[in-house]
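Peer 1: Below are the sequence and a predicted model; questions follow.
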Amino acid sequence: MALKTEEAIEIAEKIKDNLENTPFNIKNLRQYYNLVKLIKMHDEVKWINNELYGYTKLEEVPNYRRVPDSKGGTKFAPIFEHYAAILVRAESGKKFRYPVPEDKYTHYTISVGHYGFFYILNTVDNEIYRKTINLLHKLKLGKIEFDIFEEARKTVNEKLYEVCPSALKKLTETYQDLMESESSLDLQQISFACRTVLNDFADSVYPPTKEKIKGFDDKFHPLTAGNPVNRILQFTYENVDLDFNKEFVKSNMEYLYNYLRNIYKLTCVGTHTEREKEHAKRCVIYTYLAIGDVINLTKLK
């Protein structure tokens, strides 16, 4: 994931620099194609592919390629040619006539010259530049978030190695699956695995008991095998680092209580939507962060 982001940032930086220094260059389109292909932006791949190889369907021709009638009518001529061909025509300085698709029988045509062709080229370049700048910001922000998560992941892995090896094994395997898997079955298994990790972690830090014990909210909660979230919270409450002040602890316990319950609900939801990958990603990241919070709040750290 980090290597892919680094590669995408590198390509985006090159596109930005090239467009600022050498506009109207087919190389910029090819690099943009590589960028959006790498990060799987399917609509962008389709758009830039059309610009590279030409449009084949009238309905797909964008407005900036629809040259209007100079007489102010409603007629227009679609420019189907690929970017490189338009560049050749623009640099030739000549005028070319294009048929209006609705006028098959009258053979009505519209003249397109130097400025019309450069308008199309400039629009494509500007769109690539604008989209690349936006992507660059998102990629860099995503890298920062990923780096922060990686730091938390290392901390959790080190501590789980000591207190709950089975949870560590399952969590690292699940994380690897997330990075490599695409199938629905695997993604469903990831959600189930995260729930198993929370169960194993709860068993290690606070084994099941039939006894009800007053928790941080002065209420009695069941601490049986079927209540891993309650047991993790009870462990946290009973082992809070004394360096934290009471108000800080209370606010964090309330937050952790809701956080853990929501994570557990998330792992129980089937992944049968188009957002399967996002759902699985959340499960893994939230599981790591929740366990990390428990480590930081308690004497486990």
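Peer 2: Arrived safely, thanks for sending. Residues are numbered from 1 along each chain as shown.
Peer 1: for the protein, what spans make up the strands?
Peer 2: Under the criterion DSSP state E, the chain carries strands at the ranges 66-68, 76-78, 96-99, 109-112, 213-214, 220-221.
Peer 1: which one of those strands is the most hemmed in?
Peer 2: strand 76-78 (a mean of 20; mean count of other C-beta atoms under 10 Å). Every C-beta, even on glycine, is put in place using the N, C-alpha and C of the backbone.
Peer 1: returning to what we had before: could I get the strands of the chain as JSON lines with distance to Leu121 and mean pLDDT?
Peer 2: Formatted as JSON lines, the strands of the chain follow (distance: least, C-beta to C-beta, whole Å; pLDDT from 0 to 100):
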{"stretch": "strand 66-68", "distance to Leu121": "13", "mean pLDDT": "93"}
{"stretch": "strand 76-78", "distance to Leu121": "16", "mean pLDDT": "92"}
{"stretch": "strand 96-99", "distance to Leu121": "14", "mean pLDDT": "93"}
{"stretch": "strand 109-112", "distance to Leu121": "12", "mean pLDDT": "91"}
{"stretch": "strand 213-214", "distance to Leu121": "72", "mean pLDDT": "86"}
{"stretch": "strand 220-221", "distance to Leu121": "66", "mean pLDDT": "88"}
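Peer 1: would you turn these into a markdown table with distance to Val240?
Peer 2: Formatted as a markdown table, these follow (distance: least, C-beta to C-beta, whole Å):
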| stretch | distance to Val240 |
| --- | --- |
| strand 66-68 | 66 |
| strand 76-78 | 68 |
| strand 96-99 | 74 |
| strand 109-112 | 73 |
| strand 213-214 | 15 |
| strand 220-221 | 17 |
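Peer 1: Could you measure from Glu6 over to Leu135?
Peer 2: Glu6 is 14 Å from Leu135, where distance means C-beta to C-beta, to the nearest Å.
Peer 1: before we move on, what about Asn239?
Peer 2: Counting by C-beta to C-beta - Asn239 and Leu135 are separated by 44 Å.
Peer 1: More neighbours: those two, which one.
Peer 2: Leu135 (22 against 15; other C-beta atoms under 10 Å).
Peer 1: Test my guess that the more buried one contacts Glu44.
Peer 2: No: Leu135 is beyond contact range of Glu44, at 9.1 Å (criterion: C-beta atoms under 8 Å).
Peer 1: could you list every residue that touches Glu81?
Peer 2: Gly54, Arg89 (C-beta atoms under 8 Å, 6 or more residues apart in numbering).
Peer 1: State the pLDDT value of it.
Peer 2: Note on Glu81: pLDDT of 96.
Peer 1: Distance check, it against Leu87.
Peer 2: 10 Å.
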